[in-house]
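Enquirer: Predicted model and sequence below, questions to follow.
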Amino acid sequence: MPEPSPVLLPVNRLQRLRSLSHLLDNAIAVPGTRYRVGLDPILGLLPGAGDIIGTGFSAYIILEAALMGLPKVTLTRMAFNILLETVVGSVPFFGDIFDFAWKANVKNLELLESHVATPRSSKRGDWWFAVLLIIGLFAVVLGIAALTINLFGYLWSVIFR
């Protein structure tokens, strides 16, 4: 009997998600402090595209969590963490500070590891539910981007009339 692909083993999947979470939220040490930041808040500084890219990486963690059998309630909590980061992160200045502090990917990894360490007998998550959550996340991100573009367009027309 052939051995299963190492990519599909839960341990390897979990390690890959740990690495991604670390890269997104804790990869860079702030000199002179014990605080770390990742690429996610830095990407968030790019207007529009940064939030979309960051949400894409975060959504991948949710999809993998669904494939590992996390219950729908946990997948929903993970999506809420990302949604909160996205919505609050879209507020000028305050949102950028919030992005550096919130670390949704670390929180989601903790939820995933908690489930893996002590699996519960609740209903398992399914792939389609995760896809619908991810579509909802991207709809919110694109809605915020459209709102921002329209707001800047309006301000531009008022200022440079």
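Expert: That came through, no problem.
Enquirer: Mind pulling up the pLDDT for the residue at minimal distance from the centre of the chain?
Expert: Nearest to the geometric centre of the chain sits S58, at 2.7 Å (CA atoms, centre = their mean). Turning to S58, the model gives it a pLDDT of 94.
Enquirer: how about the helices of the chain, start to end?
Expert: 10-25, 39-44, 49-67, 72-89, 94-102, 104-117, 127-159 (DSSP state H).
Enquirer: Out of these, which is the most enclosed?
Expert: helix 39-44 (a mean of 22; mean count of other CB atoms under 10 Å). From N, CA and C alone the C-beta is placed, and that goes for glycine too.
Enquirer: Off-centre distance for it?
Expert: From the chain centre to the centre of helix 39-44 is a distance of 11 Å (CA atoms, centre = their mean, to the nearest Å).
Enquirer: just stretch 69-78 next, same as before
Expert: On CA atoms, centre = their mean, the centre of stretch 69-78 falls 14 Å from the chain's centre.
Enquirer: For it, list the C-alpha coordinates in PDB.
Expert: The C-alpha trace of stretch 69-78 is given here as PDB (Å, rounded to 0.1, in the frame of the first residue of the first chain):
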ATOM      1  CA  GLY A  69     -12.300  19.200  10.100                       C
ATOM      2  CA  LEU A  70     -12.800  22.200  12.300                       C
ATOM      3  CA  PRO A  71     -16.400  22.700  13.300                       C
ATOM      4  CA  LYS A  72     -18.400  25.400  11.600                       C
ATOM      5  CA  VAL A  73     -18.600  27.500  14.800                       C
ATOM      6  CA  THR A  74     -14.800  27.600  14.900                       C
ATOM      7  CA  LEU A  75     -14.500  28.500  11.200                       C
ATOM      8  CA  THR A  76     -17.000  31.300  11.800                       C
ATOM      9  CA  ARG A  77     -14.900  32.600  14.700                       C
ATOM     10  CA  MET A  78     -11.900  32.500  12.500                       C
END
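Enquirer: looking at the helices of the chain, which is closest to G32?
Expert: helix 94-102 (15.7 Å; CB to CB).
Enquirer: Just the pLDDT for the closest residue to R36 other than its chain neighbours.
Expert: Once flanking residues are discounted, R36 sits nearest to N26: 4.2 Å by CB to CB, 6 or more residues apart in numbering. Model confidence at N26, expressed as pLDDT, equals 95.
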